[in-house]
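Undergrad: coords below, sequence missing:
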């Protein structure tokens with residue numbers, strides 16, 4: 001949730017809260033001051049005092065519950081692009097756990113109460129560091145203190161840490177044509193698919209495994225690689241309180257390779273579940289629900 005929407009929601013919530021408290025006080029005063037009180041007279045009284053407004057204000061407890069859940073516990077997000085294919089595809093609606101990394105101030109996103117620390121392999125939603133009005137979703141590859149080397153030729157990652165040197169285990173698998181149809185619905189947008197060879201492989205991080213998609217023929221030359229000071233090209237050392245993130249669709253993801261690290265203050269939460277997935281039909285208002293995509297996010 002962007003800060004501007006948070007402020008609007010908070011301001012509206014405070015106004016409704018004040019009105020709700022005001023009407024509750026009036027109702028209680030009426031109840032205790034009227035000895036001949038009965039339900040019929042009470043209803044008449046309510047109708048004479050802008051009943052409709054009171055009914056709306058009576059929704060305050062529900063609004064309060066939704067406000068707390070959305071702001072501090074869980075928030076739904078929509079996947080608008082293919083940067084996380086095949087783990088997440090366009091049209092997926094996901095649930096993000098905002099409490100897992102701690103309770104934050106919704107106005108400045110600073111941590112109030114710490115909980116768990118992000119782990120390698122977590123799929124996270126965060127504010128794009130270059131423009132905090134935009135939310136991104138990527139997978140954590142590097143933690144604070146890690147040194148990451150990315151081989152742009154074979155798309156392989158090597159992670160250096162004080163405790164170990166880790167090259168992620170990769171199993172390659174050629175994608176079938178049917179898989180590509182599920183990933184890309186618009187043939188005009190991906191006209192080169194027939195001429196390119198896609199590979200899908202499994203990457204293991206912290207006992208978790210997930211699928212990665214890339215095109216061997218494509219090299220990382222279309223965007224300028226982020227060059228960290230005092231580090232070789234394609235090598236990064238993750239600063240304190242920062243994370244190195246990448247999309248699972250390695251050749252169609254604008255991530256830490258190109259713009260740098262994600263500071264913890266930009267983290268919104270961990271993506272945990274796909275609760276709905278829709279596939280829109282070209283040039284049509286109709287869509288179908290992909291029930292097979294409703295599952296936990298790895």
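TA: Arrived safely, thanks for sending. Note that the structure is predicted; figures quoted are calculated from it, not measured.
Undergrad: Residue 158 contacts residue 141, correct?
TA: No - Residue 158 sits out of contact with residue 141 when judged by Cβ atoms under 8 Å, with a separation of 10.9 Å. Any C-beta I mention is one placed from the backbone N, CA and C, and that applies to glycine too.
Undergrad: Need the overlap of contacts for those two.
TA: Counting by Cβ atoms under 8 Å, 6 or more residues apart in numbering, the shared contacts of residue 158 and residue 141 are residue 148.
Undergrad: what about those two, which has more around it?
TA: residue 141 (24 against 14; other Cβ atoms under 10 Å).
Undergrad: what's the helix or strand for the more buried one?
TA: Residue 141 belongs to strand 135-142 when assigned by DSSP states H and E.
Undergrad: Note down every partner strand of that strand and its orientation.
TA: Note on strand 135-142: by DSSP bridges, its sheet partners are strand 123-127 (antiparallel), strand 242-246 (antiparallel).
Undergrad: can you redo those strands as a markdown table with distance to residue 64 and mean neighbour count?
TA: Output for the strands paired with strand 135-142, formatted as a markdown table (distance: least, Cβ to Cβ, whole Å; neighbours: other Cβ atoms under 10 Å):
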| stretch | distance to residue 64 | mean neighbour count |
| --- | --- | --- |
| strand 123-127 | 24 | 22 |
| strand 242-246 | 33 | 24 |
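Undergrad: Helices of the chain, residue ranges please.
TA: Applying DSSP state H to the chain gives helices spanning 3-33, 39-47, 51-57, 60-68, 177-183, 256-259.
Undergrad: Now the weakest link among these, please, by mean pLDDT.
TA: Ranked by mean pLDDT, the helices of the chain end with helix 177-183 at the bottom, a mean of 44.
Undergrad: and the gap between residue 281 and residue 288?
TA: According to Cβ to Cβ, to the nearest Å, residue 281 stands 8 Å off from residue 288.
Undergrad: can you list the domains in the protein?
TA: 3-58, 76-293 (automatic domain parsing).
Undergrad: If you average pLDDT over each of those, which is lowest?
TA: Comparing mean pLDDT across the domains of the chain, the lowest value falls on domain 3-58: a mean of 63.
Undergrad: Residues contacting the strand holding residue 141, please?
TA: Here strand 135-142 makes contact (Cβ under 8 Å, 6+ apart) with 2, 77, 79, 83-84, 87-88, 94, 118-128, 148, 157, 159, 205, 210, 236, 238, 243-248, 253, 255-256, 262, 268, 271.
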